[in-house]
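Chemist: Predicted model, plus sequence, below.
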Amino acid sequence: MMTLRLIFSFVLLTTLAVSSPLSVPPYFQPYHLTRREVPVFQIQQELGALLSENSLILLPSNPLWLNTTKRWNTMAPPDIKVVVQPANEVDIPKIGMQIDMKQLRSMNIARDGKSAWFQGGAYAYEVIPFLWDRGYVTSTGSNQCVGLTGPALGGGHGRYEGLYGLAGDNIVEMKVVLADGSSITVSDKSNKDLFWAMRGAGHNFGIVTNLKFKIYPAKIKTWHYHNYYWRQDKLERVFRELNKLQDDGKTPPLLGVVFGQIYIDPSIRRDEAILWFTFAYAGPASEAERLLRPFNAIDAIKDEMGDVPYPEIPVRQNTDLSNCISAPFSLASVMLQTWNITTERALYNHFMRNVALYPDLAATARLYYEGYAHRGVQAVDSASTAYSHRDEYHIAYVPL
């Protein structure tokens with residue numbers, strides 16, 4: 001694979017080699033230095049003259065500043081001084097600050113109907129209905145709060161991975177701007193090493209301005225969702241049934257995702273965290289509920305279910321835009337092959353002890369669970385991309 005080397009060398013000049021009396025030795029030639037400090041107003045003045053029309057340079061005084069610098073992951077946020085929104089790909093090599101891609105969001109379906117081009121700033125909440133309205137779907141991240149590109153470069157878990165693999169598995173080609181300002185094509189025919197690396201570990205090699213994605217006919221017209229609210233005394237039984245359904249990657253490919261949370265719902269009980277689990281199935285209730293019979297047999301506080309078009313599923317599973325987390329939080333996560341029931345009970349008890357010690361946690365603390373259908377992921381050769389977790393099927397994480 002591509003070997004990246006950073007070579008730091010200190011050269012002691014011992015001889016002077018000059019090709020002709022008229023040439024200027026390289027050590028006397030001028031070269032550009034990065035200024036130690038540049039006032040933000042000067043950045044706006046100098047950089048603005050270099051960028052395309054409709055590009056924006058935002059300073060903290062701009063009314064758009066807070067929305068522009070808001071981050072999904074607020075762990076160790078950077079100290080941002082200036083934000084630039086490029087209007088065109090050619091602007092990117094000229095920018096050395098946070099690069100906000102939100103103006104690069106165009107989408108086009110290829111003539112063959114087997115792929116589509118998406119610019120690097122496109123969000124999942126835009127991609128899904130765009131394709132659906134034209135009779136197609138693809139594998140995207142499962143949360144509408146994130147873009148298409150970011151999750152795909154890291155692998156990209158989503159509801160269609162049981163059928164079509166990870167989001168990153170569906171990348172056909174990328175247009176990438178490198179650190180030296182050059183723009184290259186990355187595919188299985190061009191820059192093959194980067195194509196391997198950027199599907200799974202792709203966030204640090206360059207800026208992806210365009211992606212060509214595989215797309216598929218939308219043959220499944222409705223998805224079934226079923227949301228359950230359980231008391232804590234059902235924990236062992238719930239995780240036992242989850243293991244029967246999902247253990248070691250055997251989740252049925254049409255059972256797109258199972259999300260879960262352990263949290264305090266004051267409308268139910270203020271002194272006891274509940275279990276909330278939501279199932280999404282690519283098909284009608286008649287098929288889905290056969291799989292969910294063991295969960296229906298577990299006495300629930302309440303439940304909700306219905307059949308909706310695929311673009312509405314994020315709303316029903318609380319992963320739409322209205323559920324994006326914008327406040328600062330810390331995050332710890334682990335990837336697993338099976339749920340350890342003893343550990344889950346210990347985590348629940350630990351959660352409740354800490355909420356008792358720090359009551360303010362009750363409003364924000366969560367234990368999150370994700371389990372995806374994995375057949376499409378396992379069908380991809382693990383050596384073909386840099387994604388290294390194809391044998392880990394479940395994700396548990398704790399944002400505080």
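Modeler: Received it, and whenever you're ready, just let me know what you need.
Chemist: just checking, what packs against the helix or strand hosting Leu245?
Modeler: Element membership of Leu245, judged by DSSP states H and E, is helix 235-246. Using 3 or more Cβ pairs under 8 Å, 6 or more residues apart in numbering; DSSP states H and E as the contact criterion, the elements in contact with helix 235-246 are strand 255-263, strand 274-281, helix 293-296, helix 341-357. C-beta coordinates here come from the backbone N, C-alpha and C atoms, glycine included.
Chemist: With mean pLDDT and distance to Met101 as extra columns, can I get these in a markdown table?
Modeler: Compiled in a markdown table, those are given as follows (pLDDT from 0 to 100; distance: least, Cβ to Cβ, whole Å):
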| stretch | mean pLDDT | distance to Met101 |
| --- | --- | --- |
| strand 255-263 | 97 | 26 |
| strand 274-281 | 99 | 28 |
| helix 293-296 | 98 | 40 |
| helix 341-357 | 95 | 37 |
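Chemist: any chance of those in a markdown table, with mean neighbour count too?
Modeler: Compiled in a markdown table, the helices and strands packed on helix 235-246 are given as follows (neighbours: other Cβ atoms under 10 Å):
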| stretch | mean neighbour count |
| --- | --- |
| strand 255-263 | 22 |
| strand 274-281 | 24 |
| helix 293-296 | 14 |
| helix 341-357 | 14 |
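Chemist: Tell me which of those sits nearest to Gly141.
Modeler: Gly141 lies closest to strand 255-263 among the helices and strands packed on helix 235-246, at 11.0 Å (Cβ to Cβ).
Chemist: Quick one: list the elements packing against that closest one.
Modeler: On a contact count with 3+ Cβ pairs under 8 Å, 6+ apart, strand 255-263 meets helix 161-164, helix 235-246, strand 274-281, helix 341-357, strand 367-372.
Chemist: Among the ones you listed, single out whichever gets nearest to Ala288.
Modeler: Between Ala288 and the helices and strands packed on strand 255-263, the shortest separation by Cβ to Cβ is 3.6 Å, and it involves strand 274-281.
Chemist: for that closest one, packing partners?
Modeler: Other helices and strands packing on strand 274-281, by 3+ Cβ pairs under 8 Å, 6+ apart, are strand 223-230, helix 235-246, strand 255-263, helix 285-291, helix 313-316.
Chemist: okay if I get those as JSON lines plus distance to Leu64?
Modeler: Conversion of these to JSON lines gives the following (distance: least, Cβ to Cβ, whole Å):
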{"stretch": "strand 223-230", "distance to Leu64": "35"}
{"stretch": "helix 235-246", "distance to Leu64": "43"}
{"stretch": "strand 255-263", "distance to Leu64": "32"}
{"stretch": "helix 285-291", "distance to Leu64": "43"}
{"stretch": "helix 313-316", "distance to Leu64": "26"}
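Chemist: And those: which comes nearest Tyr369?
Modeler: Among the helices and strands packed on strand 274-281, strand 255-263 comes nearest to Tyr369, with 3.6 Å by Cβ to Cβ.
Chemist: Partner strands of the closest one, with direction?
Modeler: Using DSSP bridges, the neighbouring strands of strand 255-263 in the sheet come out as strand 274-281 (antiparallel), strand 367-372 (antiparallel).
Chemist: Other residues contacting that strand?
Modeler: Strand 255-263 is contacted by residues 142, 158-162, 223, 242, 245-246, 251, 273-282, 288, 291, 313, 317-319, 347-348, 351, 365-373 when judged by Cβ atoms under 8 Å, 6 or more residues apart in numbering.
Chemist: Mind doing that once more with 6 Å?
Modeler: Contacts of strand 255-263 with the rest of the structure, by Cβ atoms under 6 Å, 6 or more residues apart in numbering, involve 142, 159, 273, 275-282, 317, 366-373.
Chemist: what does stretch 318-326 give?
Modeler: Residues outside stretch 318-326 that contact it (Cβ under 6 Å, 6+ apart): 70, 125, 142-145, 314.
Chemist: follow-up on the earlier one: so which of the helices and strands packed on strand 274-281 comes closest to Val40?
Modeler: Proximity to Val40 (Cβ to Cβ) singles out helix 313-316 among these, at 37.4 Å.
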